[in-house]
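Participant: structure for the following, please:
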Amino acid sequence: MASSSQDPRTPVTAEPVATVLDAPETAAARPEETDRVAGLPGGWRAVLRRLRRDRGAVAGAVIVALTTLVAVFAPLITRAVGVDAYSYNLDLLNDLGLPQGSLGGVSAAHPFGVEPQTGRDLFAIVVEGTRTSFSIGMGATLLSMLIAIGLGLSAGYFGGWWDALVSRVTDVTLGFPHLIFMIAVSALIPASAPRVLVMIVIIGVLGWPSTARVLRSRTLAIRGRTFVGASRAMGAGEAHVLLTQVLPNLVATIIVFTTISIPGKITAEAALSFLGVGVAPPTPSWGRSIGNAVTWVSTDPWYLLFPGAALFLVTLAFNLFGDGLRDALDPRTGEHR
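Facilitator: Residues are numbered from 1 along each chain as shown. All right, here's what the predicted structure looks like:
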């Protein structure tokens, strides 16, 4: 008669987690699944294969990569073109403060035209504004993800009163009028304060609750897995279990939420700059350029076109890439794309 009890010498296999990357110990235990050419674990190879099938995600990734290069090398690009975002060219304006010529003053020397009233080169403003928007978007995303990981992971793992406290703080923060609060705080900050850093802190501190809630839920599911219990039984401390067993199984979720959070942070900066409480002039910013262009949209629509198109394109690219990455990391949908 077959025994219903399991042989204690037989290893117990944990149930698979939601994504193909949510079992790091599996790849480590089977090194033959490593790509000898690319050096990528088998799970990552499957993700890249699925991602390459998604044309929207690939297009988004290309635009994100190109825009990142523009943000990093913005001063070199403007210098190579021979334009400056801070130089006033009043001789290029007519008596009404509008750019001379057609299409907002577009010429070989000024590819995107010039800014009304100041004559500053619009190409340089858009390129330098890319660095400003990306710096704030990336910095705020990094800050919010650090807060979300710390609170979500600890609340889901330890539970008890700490979980209840974090959950209540998350609910309050989610229900808070973020835009009104950001406008009020930005208006109270002295003008001498570094505005880019101020924007990063304000947007980042208010941008963590949704991600923390998801990470808490995922941690609650992972902490009951067999491999976590086995690690505790072997005498591993709580910090060791969190960092080596739980956190690696959240990598896929963290990557996806980081990617899809960046456009929201960039848009938040643009909204604050649009309302006049973002970065201070003359620092180039897409949002401030769009806000200034609204006044001139009937007489100089080109002023609104280029910064508006840049903001739209980058936001769309991040969303396409984030959606494709999420589907590629989900084995339930990735193979069908």
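Participant: ok, Gly322 touching Ile260?
Facilitator: Yes: taking CB atoms under 8 Å as the contact criterion, Gly322 and Ile260 are neighbours in contact, 3.6 Å apart. The C-beta positions use only the backbone N, C-alpha and C, and glycine is treated the same way.
Participant: looking at the two, which is more packed in?
Facilitator: When Gly322 and Ile260 are compared on other CB atoms under 10 Å, the one with more neighbours turns out to be Gly322, at 22 against 18.
Participant: any chance you could map the strands in the stretch 51-200 of the chain?
Facilitator: Assigned by DSSP state E, counting those that start in this stretch, the strands in the stretch 51-200 of the chain number zero.
Participant: what's near enough to touch Trp296?
Facilitator: Trp296 makes contact with 98, 116, 303-304, according to CB atoms under 8 Å, 6 or more residues apart in numbering.
Participant: same thing but 10 Å
Facilitator: For Trp296, the residues meeting the contact criterion (CB atoms under 10 Å, 6 or more residues apart in numbering) are 97-99, 104, 115-117, 302-304.
Participant: ok, of these, which one's closest to Leu153?
Facilitator: Looking at these and their distance to Leu153, the nearest is Leu304, at 43.1 Å (CB to CB).
Participant: pretty sure the closest one contacts Ile290?
Facilitator: Yes: in this structure, Leu304 sits in contact with Ile290. The criterion is CB atoms under 10 Å, and the distance is 6.4 Å.
Participant: overlap in contacts, these two.
Facilitator: Taking CB under 10 Å, 6+ apart as the contact criterion, the residues that touch both Leu304 and Ile290 are Val297.
Participant: the more surrounded of the two?
Facilitator: The residue with the greater number of neighbours, taking Leu304 and Ile290 and applying other CB under 10 Å, is Ile290; the counts read 22 against 19.
Participant: buried ones in the helix or strand where the more buried one lies?
Facilitator: Element membership of Ile290 [criterion: DSSP states H and E] is helix 286-293. Applying a neighbour-count criterion of 16 or more other CB atoms under 10 Å, the buried positions in helix 286-293 are 286-293.
Participant: tell me the mean pLDDT for the helix or strand following it?
Facilitator: Counting by DSSP H and E, the element after helix 286-293 in chain order, helix or strand, is helix 302-329. pLDDT averaged over helix 302-329 equals 88, rounded to a whole number.
Participant: before we move on, what about stretch 168-186?
Facilitator: According to the model, stretch 168-186 has a mean pLDDT of 85.
Participant: just for the protein, where's the confidence low?
Facilitator: Residues of the chain meeting the criterion pLDDT under 70: 1-43, 330-337.
Participant: if we can go back for a sec, could you export the buried residues of helix 286-293 as a markdown table, including distance to Pro190?
Facilitator: Shown next, in a markdown table, are the buried residues of helix 286-293 (distance: CB to CB, whole Å):
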| residue | distance to Pro190 |
| --- | --- |
| Trp286 | 24 |
| Gly287 | 21 |
| Arg288 | 19 |
| Ser289 | 24 |
| Ile290 | 25 |
| Gly291 | 22 |
| Asn292 | 23 |
| Ala293 | 28 |
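Participant: looking at the residues you listed, which is nearest Val62?
Facilitator: Nearest to Val62 among these: Trp286, at 20.0 Å, using CB to CB.
Participant: list the contacts for the closest one?
Facilitator: Here Trp286 is in contact with 125-126, 129-130, 132-133, 266-267, 269-270, 273-274, 278, 306-312, 314 (CB under 10 Å, 6+ apart).
Participant: out of those, which are buried?
Facilitator: For those, a burial check counting by 16+ other CB under 10 Å picks out 125-126, 129-130, 132-133, 266-267, 269-270, 273-274, 278, 306-308, 310-311, 314.
Participant: what about the closest residue to Val228 other than its chain neighbours, neighbour count?
Facilitator: With CB to CB, 6 or more residues apart in numbering as the measure, Gln245 is the residue that lies nearest to Val228, at 5.2 Å, once sequence neighbours are left out. Burial of Gln245 is recorded as 21 neighbouring residues (other CB under 10 Å).
Participant: and Pro284, how far from Ser154?
Facilitator: Relative to Ser154, Pro284 is positioned 40 Å away (criterion: CB to CB, to the nearest Å).
Participant: and which of the contacts of Trp296 is nearest to Val172?
Facilitator: Leu304 (37.6 Å).
Participant: what distance do you get for the closest residue in space to the closest one that isn't next to it in sequence to Leu305?
Facilitator: If the residues on either side of it in the chain are set aside, Leu304 comes closest to Ala293, at 3.7 Å by CB to CB, 6+ apart. According to CB to CB, Ala293 and Leu305 sit 8 Å apart.
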